[in-house]
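1. Based on what follows, work out the 3D shape:
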Amino acid sequence: MAIAAKISPAELTAQVTNRFVGKYYEARLINAPGTSYIPGTTSDATFLTNEVVAGTGGYTRQVISYAGGDVSAYSDDGVALATKATVFAHDGGGTALSFSHVALVEGNGNITALAANSGAPSAGVNGTYTDLPAVTGGSGAGLTVDLTITNSGAATIDYALTIKQAGYGYAASDSIQIQEAVLVAAGAVAASAGDITTTVSTVYSSSEQLLSVAQTPNTVNLTGGNETVFYWNLKQFGYYSV
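-> Sure thing, here's the model as predicted:
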């Protein structure tokens, strides 16, 4: 006679931790009206070719990651991860940002560390400046940083960078710049002070496995600077059989 068997809370926690903690995931908008994603039947690779073209209406992938503190305590027969939000904003231009699905895909080329600065402005204004966009000589996109300036930016080490958005598609040793125009607009430096330059130290890499797909009831057309937000609530349940 078969008997019921349940997975222990410790095992569920270990599964969630091993599967998600320390990994990066990219939320991608897919424009494939009339297409239903069927797990195990739909070709993931073919489905993902319908991703919105980067820059269309301001589109860029949104990246999330999970740390140890995002794993919750066991409850309601499962272990959940902290809710993560991904925000897609239209750029206010004349081209609509249109999509019919959103997909969560394991990341690739997401920056996990930057090298020490190789160059910095001649002087700066002490303070912290958040979510500054960066440019690269490589093929990556989406990196933003928080900048803390100390000692009035007298030396290169006085410009401390912290990764805010990990971006995607980067490679180790890619060049990174936080351009003077961005720094001036943020109030961090005066005109003609110069750029901050560095390189990518390490990136997260994977086979870009598709994790989840959600389909909208109708095609969404973002215009006029509007935005859409998707919340990701992932949970591992302790199923049992009899």
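
2. Only C-alpha atoms from now on, for both contacts and neighbour counts.
-> OK.

3. I'd like the average pLDDT over the helix ranked longest in the chain.
-> In terms of residue count, the longest helix belonging to the chain (DSSP state H) is helix 9-20. Averaged across helix 9-20, the pLDDT comes to 96.

4. Could you list the buried residues of it?
-> For helix 9-20, burial by neighbour count (16 or more other Cα atoms under 10 Å) applies to 9, 12, 13, 16, 17, 20.

5. just stretch 89-106 next, same as before
-> 89-91, 95-106.

6. Out of these, give me the two with the largest separation.
-> 95 and 106 (28.4 Å; Cα to Cα).

7. Correct me if wrong: residue 175 contacts residue 136.
-> Yes. Shown here, residue 175 and residue 136 form a contact pair, counting by Cα atoms under 8 Å, at 5.3 Å.

8. Ignoring the adjacent residues along the chain, who's closest to residue 176?
-> Leaving aside its sequence neighbours, residue 176 sits nearest to residue 136 (Cα to Cα, 6 or more residues apart in numbering; 4.6 Å).

9. ok, the one you found - contacts?
-> By Cα atoms under 8 Å, 6 or more residues apart in numbering, the contact set of residue 136 is 174, 175, 176, 177.

10. Help me confirm that the third one comes into contact with residue 134.
-> Yes. The pair residue 176 / residue 134 is scored as a contact, 6.5 Å apart, by Cα under 8 Å.

11. Counting neighbours, go ahead and name the busier of those two.
-> residue 176 (22 against 18; other Cα atoms under 10 Å).

12. can I assume the more buried one sits in a helix?
-> No. Counting by DSSP: H, G, I helix; E, B strand; the rest coil, residue 176 is not part of a helix but strand.

13. give the contact list for it.
-> 134, 135, 136, 137, 197, 198, 199, 200.

14. List the ones among those that fall in helices.
-> Using DSSP H, none of these sit in helices.

15. With respect to residue 78, which of those residues is nearest?
-> Looking across the contacts of residue 176 and measuring by Cα to Cα, the closest to residue 78 is residue 200, at 37.5 Å.

16. thinking again about what came up before, can I get the buried residues of helix 9-20 in a markdown table with distance to residue 207?
-> Putting these into a markdown table (distance: Cα to Cα, whole Å) gives the following:
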| residue | distance to residue 207 |
| --- | --- |
| 9 | 29 |
| 12 | 24 |
| 13 | 24 |
| 16 | 19 |
| 17 | 19 |
| 20 | 14 |
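
17. which among those residues gets closest to residue 222?
-> Distances from residue 222 to those, taken by Cα to Cα, are shortest for residue 20, at 30.8 Å.
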